[in-house]
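Q: sequence isn't available, so here's the structure alone:
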C-alpha cells in the first residue's frame with residue numbers, strides 16, 4: 001500500500017505547477033529581465049488578497065538589503081493566502097478552509113500556523129477578519145466532529161485521505177486522518193486567543209465554538225488516562241514503523257502522572273513514550289489562554305476554573321517528570337517520558353518541539369532550563385541534528401537521516417538574540433532553496449537540490465513571519 005510519503009512524491013510536481021500557474025512575468029519596469037522574478041500567482045489567480053498583507057509585504061521587502069532574501073520573502077510571506085485559502089459560507093456565516101499546500105486537506109495545526117503571521121494585521125483589514133472568523137468556525141466544527149483527528153476534508157461527507165482509508169481506528173466521514181496529537185487541539189486555541197487579542201472581535205466565539213472548547217477539555221482529561229486508556233486507538237498497515245502505534249494502537253505503557261498522553265508527534269510520527277513533553281507544555285499555555293477568554297467573553301468562571309485547574313495539574317506533572325540530566329549533569333527538558341522513569345532526549349523540527357518552546361510561549365527565551373535544552377537539541381547529542389556542507393539543523397524520523405528541515409533553522413532564529421546566529425540562519429535559509437524561491441519540508445545536508453515537498457505553505461509563511469519579526473526586532477540584520 002502506498003504511504004503518504006509515496007503519494008506526496010507523485011503529486012508534488014503536478015500540484016505545484018497548478019498552484020503557481022500564471023506567475024508574474026519576469027520583467028522589471030524598464031523591461032529588462034529580473035534576476036529574481038516573482039513566483040507569486042498573477043493577481044487574478046490568487047486565492048485571497050489582503051491589502052494589509054500587501055502593504056506589509058512592500059514595506060518589509062524594501063528594508064531588506066539582500067536581493068535574493070527580499071525575493072524569497074515576497075514569494076513566501078503571502079503564500080498561504082495566494083495558494084491555499086478557500087472562502088465560503090456555512091449557515092449564513094463565514095467559512096474558511098485552508099489546505100497545507102500539496103495535500104488537499106486541512107490540518108488543525110498547519111492551518112492555524114499558516115495564518116498566524118497575519119494576526120497583527122487583522123484589526124484594520126475587514127477581509128482578513130472574515131478569513132479568521134471563517135477559519136475559527138471551521139476548526140470548531142472539525143473539533144466537534146472528532147477531537148482526536150488531526151486532518152479534515154473540505155467536504156464533511158468525504159472519505160479519508162487515500163493513505164488513511166484502511167486505518168484501524170474509529171474513522172468518521174469528513175475526517176482526513178485520525179492521528180491523535182495534543183497540539184492539534186492546542187493550535188486552534190492559540191489562533192483564537194491571538195485573534196481576540198489582536199482585534200477585540202468576539203463574533204466567532206459563539207455556542208458552537210464553546211461546545212468545541214468543552215470537547216477539548218474533555219479530551220485532554222480523557223487522555224490523562226487516570227481511569228484507563230480511553231477510547232482512542234490507532235493502527236495502520238505500513239512498512240514505516242512510525243506510521244502506527246504499539247499494543248493494539250494504545251501506545252507503549254505509562255504510569256499516569258497527570259500529563260496528557262499523545263499517540264503522535266506534530267510530525268505525524270508515532271510517539272515512543274506517550275507523555276510528549278513539548279505538547280504538554282504547550283497545552284498548559286493554551287488552557288490558560290482559554291480560561292482568560294472564557295472569563296472575559298462568556299463570563300463563565302466555572303469553565304475557566306476547570307481549564308486553569310487542568311493547566312496547573314499538567315504543569316506540576318511535567319515539571320516533576322519531564323526533566324532529565326544530560327551527560328554533564330545539567331538539567332534539560334526531555335522530549336518524551338513514560339512516567340516510570342524512562343526518558344527520551346531528541347528533538348524534531350516540527351513545533352511543538354524542544355527548540356520551539358520559547359516561540360510558543362511555553363517559556364522565556366532567556367530561561368536557563370530552555371537555554372540548556374536548546375543548546376543540547378542543536379548539537380550531536382540530538383540524534384536528528386545534522387551538519388553538512390550546505391547547512392546544519394534539526395530534522396526528524398519523518399524524512400529520515402541527513403534531511404534538515406528549514407523550519408528548524410527558522411525556529412533557531414526566532415528564538416535567538418545572537419546577531420551572528422541569526423545572520424547564519426538567514427544565510428542557510430537563503431542558500432538552500434535550490435533556486436525555487438520557496439521553503440521546503442526538508443533538504444539534504446549536503447545537497448539542497450534534493451528536497452521534499454515543493455509546496456509546503458506552513459514553512460513558507462513561517463519564513464515570512466521570521467523576516468517580519470526581524471524587521472521589528474533586529475532591522476539592522478536585514479539591511480546588510
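A: Cool, got the structure. Since we're looking at a predicted model, the values are computed, not measured.
Q: give me the residue ranges of this protein where confidence is low.
A: 1-33 (pLDDT under 70).
Q: at 80 instead, please
A: Within the chain, the stretches with pLDDT under 80 are 1-34, 480.
Q: for the residue nearest to residue 298 when sequence neighbours are not counted, grab the count of nearby residues.
A: In space, and not counting its chain neighbours, residue 298 is closest to residue 210: 6.5 Å by Cβ to Cβ, 6 or more residues apart in numbering. For the C-beta atoms, the positions are set from N, CA and C on the backbone; glycine is no exception. Using other Cβ atoms under 10 Å, residue 210 has 17 other residues around it.
Q: and for the one 4 residues further on?
A: Counted by other Cβ under 10 Å, the residues lying close to residue 214 total 15.
Q: which element is it on?
A: Taking DSSP states H and E as the criterion, residue 214 maps to helix 207-222.
Q: may I see the buried residues of that helix?
A: Along helix 207-222, these residues count as buried under the neighbour rule (16 or more other Cβ atoms under 10 Å): 208-210, 212-213, 215-217, 219-222.
Q: ok, of these, which one's closest to residue 374?
A: Using Cβ to Cβ, residue 220 comes nearest to residue 374 of those, at 26.5 Å.
Q: the closest one: what's it in contact with?
A: Neighbour list for residue 220: 182, 185, 260, 283, 287, 310, 314 [criterion: Cβ atoms under 8 Å, 6 or more residues apart in numbering].
Q: measure it to residue 293 for me?
A: As judged by Cβ to Cβ, to the nearest Å, residue 220 and residue 293 stand 16 Å apart.
Q: also residue 60?
A: Residue 60 sits 30 Å away from residue 293, going by Cβ to Cβ.
Q: more neighbours, those two?
A: Using other Cβ under 10 Å, the more surrounded residue of residue 60 and residue 293 is residue 293, with 24 against 21.
Q: was I right about the more buried one contacting residue 197?
A: No: applying Cβ atoms under 8 Å as the test, residue 293 and residue 197 come out as separate, 9.4 Å apart.
Q: find the residues that touch each one of these two.
A: Going by Cβ under 8 Å, 6+ apart, no residue sits against residue 293 while also sitting against residue 197.
Q: can you name the residues that contact residue 173?
A: With contact taken as Cβ under 8 Å, 6+ apart, residue 173 is in contact with 156-159.
Q: mind listing the strands for the stretch 151-300 of the chain?
A: 151-152, 175-177, 275-276 (DSSP state E, counting those that start in this stretch).
Q: over to the stretch 351-480 of the chain?
A: Under the criterion DSSP E, counting those that start in this stretch, the stretch 351-480 of the chain contains strands at 385-387, 392-394, 403-404, 442-444, 451-452.
Q: distance from the third one to the middle of the chain?
A: Its chain's average C-alpha position is 17 Å from that of strand 403-404, according to Cα atoms, centre = their mean, to the nearest Å.
Q: name every strand pairing with that strand and say which way it goes.
A: strand 442-444 (antiparallel) (DSSP bridges).
Q: now the last one
A: Strands adjacent to strand 451-452 in the sheet, as given by DSSP bridges, are strand 442-444 (antiparallel).
Q: buried set for the strand it pairs with?
A: Buried, per 16+ other Cβ under 10 Å, within strand 442-444: 442-444.
Q: could you dump those to a markdown table with distance to residue 465?
A: Shown next, in a markdown table, are the buried residues of strand 442-444 (distance: Cβ to Cβ, whole Å):
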| residue | distance to residue 465 |
| --- | --- |
| 442 | 19 |
| 443 | 20 |
| 444 | 25 |
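Q: just give the number of residues close to the closest residue to residue 417 other than its chain neighbours.
A: Excluding its sequence neighbours, the residue lying closest to residue 417 (Cβ to Cβ, 6+ apart) is residue 365, at 6.5 Å. Here the number of neighbours of residue 365 (other Cβ under 10 Å) works out to 14.
Q: residue 252 too?
A: 18.
Q: let me see the ranges of the helices in the stretch 101-250 of the chain.
A: Ranges of helices within the stretch 101-250 of the chain are 108-115, 126-145, 182-199, 207-222, based on DSSP state H, counting those that start in this stretch.
Q: between the shortest one and helix 182-199, how many degrees?
A: In this case it means helix 108-115. 30 degrees (axes from the mean of the first three to the mean of the last three Cα atoms, to 10 degrees).
Q: please apply the same query to the second one.
A: Taking the same axes, to 10 degrees, one finds helix 126-145 and helix 182-199 inclined to each other by 150 degrees.
Q: and helix 126-145, what's buried?
A: 128-143, 145.
Q: helices or strands up against it?
A: helix 51-62, strand 85-90, strand 93-98, helix 108-115, helix 182-199, helix 207-222 (3 or more Cβ pairs under 8 Å, 6 or more residues apart in numbering; DSSP states H and E).
Q: most packed of those?
A: Stretch with highest mean neighbour count among the helices and strands packed on helix 126-145: helix 108-115 (a mean of 26; mean count of other Cβ atoms under 10 Å).
Q: quick one on the thing from earlier: now render the helices of the stretch 101-250 of the chain as CSV, adding distance to residue 228.
A: Formatted as CSV, the helices of the stretch 101-250 of the chain follow (distance: least, Cβ to Cβ, whole Å):
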stretch, distance to residue 228
helix 108-115, 26
helix 126-145, 23
helix 182-199, 19
helix 207-222, 9
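Q: wait, which of those is closest to residue 461?
A: helix 108-115 (5.1 Å).
Q: distance from the closest one to the middle of the chain?
A: That offset, for helix 108-115, works out to 6 Å (Cα atoms, centre = their mean).
Q: now that helix and strand 93-98, what's the angle there?
A: 100 degrees.
Q: what is helix 108-115 packed up against?
A: Helix 108-115 packs on strand 93-98, helix 126-145, helix 182-199, helix 457-473, going by 3+ Cβ pairs under 8 Å, 6+ apart.
Q: so which bits of the last one are buried?
A: Applying a neighbour-count criterion of 16+ other Cβ under 10 Å, the buried positions in helix 457-473 are 457-468, 470-471.
Q: what's the closest of those to residue 270?
A: Distances from residue 270 to the buried residues of helix 457-473, taken by Cβ to Cβ, are shortest for residue 458, at 20.8 Å.
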